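K.L.:
Starting from these lines, generate the structure:
(one chain, ligands or ions: 1)
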Amino acid sequence: MKTDVFQQFLRRVASTPNAKAALDDSLHKSHSTKSTSGHLGPYSPSSAAARSNTTLGSTMTTASTATATTANYGHSKINGLHLNIPKSPNGSALDLRRVGTFRRTYSSNSIKKKSVEVSPSSFVKIRLLGKGDVGKVYLVRQKDTERLYAMKVLSKKEMIKRNKIKRALAEQEILATSNHPFIVTLYHSFQSEDYLYLCMEYCMGGEFFRALQTRPGKHLLEEDAKFYAAEVIAALEYLHLMGFIYRDLKPENILLHQTGHIMLTDFDLSKQSSPAGEPTIVKNASPSMPPAIDTKSCIAGLRTNSFVGTEEYIAPEVIKGCGHTSAVDWWTLGILIYEMLFSVTPFKGNNRNQTFEKILNIEVPFPDHPSAQPVSALCKSVIRKLLIKDDTVRLGSKAGASDVKAHPFFKTTNWALLRHLPPPIIPQQSFGTDAINFRQMHESVSLDIEGEELVLQKPGGKNLFANFSSVTLHHDGDDD
Ligand SMILES: Nc1ncnc2c1ncn2[C@@H]1O[C@H](COP(=O)(O)OP(=O)(O)OP(=O)(O)O)[C@@H](O)[C@H]1O
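P.N.:
Predicted coordinates for the structure are as follows:
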């Protein structure tokens with residue numbers, strides 16, 4: 001968390017008498033994660049169920065606020081769907097505070113940004129790890145270092161066709177700016193004539209979603225779900241502090257590092273508040289608790305209106321199209337905890353329309369059949385509070401992550417030492433090529449990475465990808 005934003009924050013709170021205790025937890029976390037275990041660096045050889053995974057995007061038009069608030073509880077057409085929605089008390093408050101674009105400077109000690117030191121021909125493809133709609137992710141080996149990486153290769157043609165350039169730029173920006181143990185590390189980004197490349201840390205444990213499928217009953221025990229929820233909260237807290245809303249939390253976007261700790265990936269739906277707001281301090285209700293960081297204030301200026309997310313994880317305010325904030329991430333956390341415990345999401349319907357109606361109208365149903373795993377009242381309470389439909393009263397809506405962390409469900413969570421606790425699922429060690437928890441990908445791997453040549457800025461002409469930074473990032477703890 002040694003970013004310019006965070007450093008400004010440190011300077012400011014240093015002069016605030018009560019604030020130091022609030023920072024200790026975060027600093028401890030930040031330092032401890034870098035010291036003994038080191039950065040979760042690139043995997044080096046030395047050291048299959050599927051569900052519909054459609055991410056909704058800009059192909060659907062956003063609803064007009066007027067349509068969404070015509071009745072207290074009535075039939076409305078939103079995003080092309082006919083839905084019964086309750087009237088939002090402040091549905092008319094379409095707040096699109098937008099500020100000029102801003103590119104972050106890299107004043108941090110922990111990430112050193114250099115001009116790119118590799119090209120497509122520096123890597124050899126080993127196998128296909130995953131596919132998205134504009135790109136593919138390959139396990140690759142860097143020729144000179146023998147290190148393994150996950151290389152996301154995005155087709156410029158597809159991005160132009162599907163209007164996804166901005167998303168790829170945002171993803172690069174977020175990955176290049178982030179330095180957190182639970183967020184996938186970016187090592188290089190570059191482009192060729194036809195492709196953009198993101199060379200990331202290889203998460204050998206594969207998709208968390210796949211790992212869940214291998215558990216008895218395809219679900220986790222409450223304590224184990226709490227562990228993963230805590231790691232996700234730590235990652236979201238960091239992203240919010242940096243001014244990003246993640247917007248696409250789901251088990252498919254959580255990868256497992258070889259140690260079993262989680263790593264969030266896939267930031268193409270994330271939204272940046274530019275510039276990130278100033279973090280502030282919130283006093284805890286209980287005098288025995290230290291003051292905490294208000295991460296909500298870092299993105300308080302960001303309310304966005306795009307219709308994005310994944311069907312079963314989408315928040316009510318996104319469906320209603322009346323603008324959404326970082327509170328969407330706390331909604332998706334509620335769905336994730338539920339899915340980890342019960343192996344289904346709470347509002348799943350027979351089709352998209354029915355799912356959306358349930359998201360908008362029904363209270364979270366807890367399974368009561370004899371085979372359902374029993375969960376504690378505190379666990380139900382945190383899920384219910386995260387799944388409050390009104391995003392202005394939802395858990396996390398006041399002071400962000402600090403609210404969620406303070407819920408009694410997490411009373412036993414040692415936030416400072418999360419990274420040092422043994423994860424419930426430890427991926428079997430492999431030598432990379434026989435990786436587990438990945439979908440079966442049937443594709444012969446061509447060596448076209450080697451055939452592509454690096455493209456830097458082309459003089460003249462309109463380069464739609466000119467803002468895609470070609471960089472090599474050096475992280476503290478890397479041994480080269
Ligand atoms: N760092 C990584 N280590 C290991 N596997 C990865 C890594 N990044 C991505 N993958 C694999 O590739 C898949 C697709 O990655 P990702 O979701 O980032 O691609 P995408 O093109 O953005 O997909 P989408 O269309 O869902 O946004 C992941 O589900 C995962 O299986």
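K.L.:
Can you tell me how far residue 138 is from residue 149?
P.N.:
Note on residue 138: its distance to residue 149, by CB to CB, to the nearest Å, is 9 Å. No exception for glycine: its C-beta is placed from N, CA and C like everyone else's.
K.L.:
Repeat that for residue 143.
P.N.:
Distance, residue 143 to residue 149, by CB to CB: 12 Å.
K.L.:
try residue 194
P.N.:
In this view, residue 194 and residue 149 are 20 Å apart by CB to CB.
K.L.:
rewinding a little: hey, what's in contact with both of residue 143 and residue 149?
P.N.:
Between them, residue 143 and residue 149 share these contacting residues under CB atoms under 8 Å, 6 or more residues apart in numbering: residue 123.
K.L.:
Of the two, give the one with the bigger neighbour count.
P.N.:
Set side by side, residue 143 and residue 149 show unequal neighbour counts under other CB atoms under 10 Å, the larger going to residue 149 at 26 against 13.
K.L.:
who does that one bridge with?
P.N.:
residue 140, residue 201 (DSSP bridges).
K.L.:
Tell me how far it lies from residue 346.
P.N.:
37 Å.
K.L.:
how about the closest residue to the ligand within the stretch 1-150 of the chain, what does it touch?
P.N.:
Per CB to the nearest ligand atom, residue 132 is where the stretch 1-150 of the chain lies closest to the ligand, at 1.7 Å. Shown in contact with residue 132 (CB under 8 Å, 6+ apart): 152, 266, 268.
K.L.:
Now neighbour count, distance to the ligand and secondary structure too, for the residues you listed, in a markdown table please.
P.N.:
Converted to a markdown table, the contacts of residue 132 look like this (neighbours: other CB atoms under 10 Å; distance: CB to the nearest ligand atom, whole Å; DSSP: H, G, I helix; E, B strand; the rest coil):
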| residue | neighbour count | distance to the ligand | secondary structure |
| --- | --- | --- | --- |
| 152 | 29 | 6 | strand |
| 266 | 21 | 4 | coil |
| 268 | 24 | 5 | coil |
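K.L.:
Hmm, which of these is lowest in pLDDT?
P.N.:
Lowest in pLDDT among the contacts of residue 132 is residue 268, which has 81.
K.L.:
which non-adjacent residue is nearest that residue?
P.N.:
Nearest non-adjacent residue to residue 268, counting by CB to CB, 6 or more residues apart in numbering: residue 167, 4.1 Å away.
K.L.:
can you confirm that neighbour is in a helix?
P.N.:
Yes - per DSSP: H, G, I helix; E, B strand; the rest coil, residue 167 lies within a helix segment.
K.L.:
measure it to residue 266 for me?
P.N.:
Distance, residue 167 to residue 266, using CB to CB: 10 Å.
K.L.:
do residue 162 as well
P.N.:
Residue 162 is 16 Å from residue 266, by CB to CB.
K.L.:
swap in residue 380?
P.N.:
For residue 380, the distance to residue 266 - CB to CB - is 29 Å.
K.L.:
Buried residues in the helix ranked longest in the chain, which are they?
P.N.:
If you go by DSSP state H, the chain has its longest helix at helix 222-241. Residues of helix 222-241 classed as buried: 222, 224-241 (neighbour count, 16 or more other CB atoms under 10 Å).
K.L.:
Where does residue 269 sit, in terms of helix or strand?
P.N.:
Assigned by DSSP states H and E, residue 269 belongs to no helix or strand.
K.L.:
what's the answer for residue 335, then?
P.N.:
Using DSSP H and E, residue 335 sits within helix 327-342.
K.L.:
Give me the angle between that helix and helix 222-241.
P.N.:
160 degrees (axes from the mean of the first three to the mean of the last three CA atoms, to 10 degrees).
K.L.:
Apart from its neighbours in sequence, what residue is nearest residue 220?
P.N.:
Excluding the flanking residues, the one nearest residue 220 by CB to CB, 6+ apart is residue 340, at 4.8 Å.
K.L.:
so the one you found makes contact with residue 219?
P.N.:
Yes - if you go by CB atoms under 8 Å, residue 340 and residue 219 touch, sitting 6.5 Å apart.
K.L.:
Those two - which one has more neighbours?
P.N.:
Taking neighbours as other CB under 10 Å, residue 340 and residue 219 compare with residue 340 leading, 24 against 20.
K.L.:
Near the ligand, which residues of the chain are found?
P.N.:
55, 129-130, 132-133, 135, 137, 150, 152, 184, 200-203, 207, 252, 255, 265-266, 268, 438 (CB under 6 Å from any ligand atom).
K.L.:
related to what we said a few turns ago, listing partners with orientation, what would you give for the helix or strand that the longest helix of the chain is followed by?
P.N.:
Next helix or strand after helix 222-241 toward the C-terminus (DSSP H and E): strand 244-245. Strand 244-245 sits in its sheet next to strand 271-272 (antiparallel), going by DSSP bridges.
K.L.:
And for the nearest residue to residue 367 once chain neighbours are set aside, the neighbour number?
P.N.:
The shortest distance from residue 367 to any non-neighbouring residue, by CB to CB, 6+ apart, is to residue 342 (5.8 Å). Residue 342 is flanked by 21 other residues according to other CB under 10 Å.
K.L.:
got a list of what residue 342 touches?
P.N.:
If a contact means CB under 8 Å, 6+ apart, then residue 342 has 219, 367, 372, 373 as its contacts.
K.L.:
can you tell me which of those are in strands?
P.N.:
Here DSSP state E is the test, and the contacts of residue 342 give no hits in strands at all.
K.L.:
one step back: now do the contacts for the residue nearest to residue 268.
P.N.:
159, 268, 269.
K.L.:
And the lowest mean pLDDT element among the helices and strands of the chain?
P.N.:
Of all helical and strand segments in the chain, the minimum by mean pLDDT, DSSP states H and E falls on helix 65-68, at a mean of 31.
K.L.:
Low-confidence regions, the stretch 1-150 of the chain specifically.
P.N.:
For the stretch 1-150 of the chain, the stretches flagged by pLDDT under 70 are 1-112.
K.L.:
again, 80 this time
P.N.:
Under the criterion pLDDT under 80, the flagged ranges of the stretch 1-150 of the chain are 1-117.
K.L.:
Repeat that for the stretch 351-480 of the chain.
P.N.:
Low-confidence segments of the stretch 351-480 of the chain (pLDDT under 80): 428-471, 474-480.
K.L.:
so where do the helices sit in it?
P.N.:
Under the criterion DSSP state H, counting those that start in this stretch, the stretch 351-480 of the chain contains helices at 352-361, 377-386, 401-405, 448-451.
K.L.:
can I get the ones you listed in TSV with mean neighbour count?
P.N.:
Shown next, in TSV, are the helices of the stretch 351-480 of the chain (neighbours: other CB atoms under 10 Å):
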stretch	mean neighbour count
helix 352-361	19
helix 377-386	18
helix 401-405	23
helix 448-451	15
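K.L.:
Dump the ones you listed to CSV, plus distance to residue 324.
P.N.:
Output for the helices of the stretch 351-480 of the chain, formatted as CSV (distance: least, CB to CB, whole Å):
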stretch, distance to residue 324
helix 352-361, 13
helix 377-386, 15
helix 401-405, 17
helix 448-451, 38
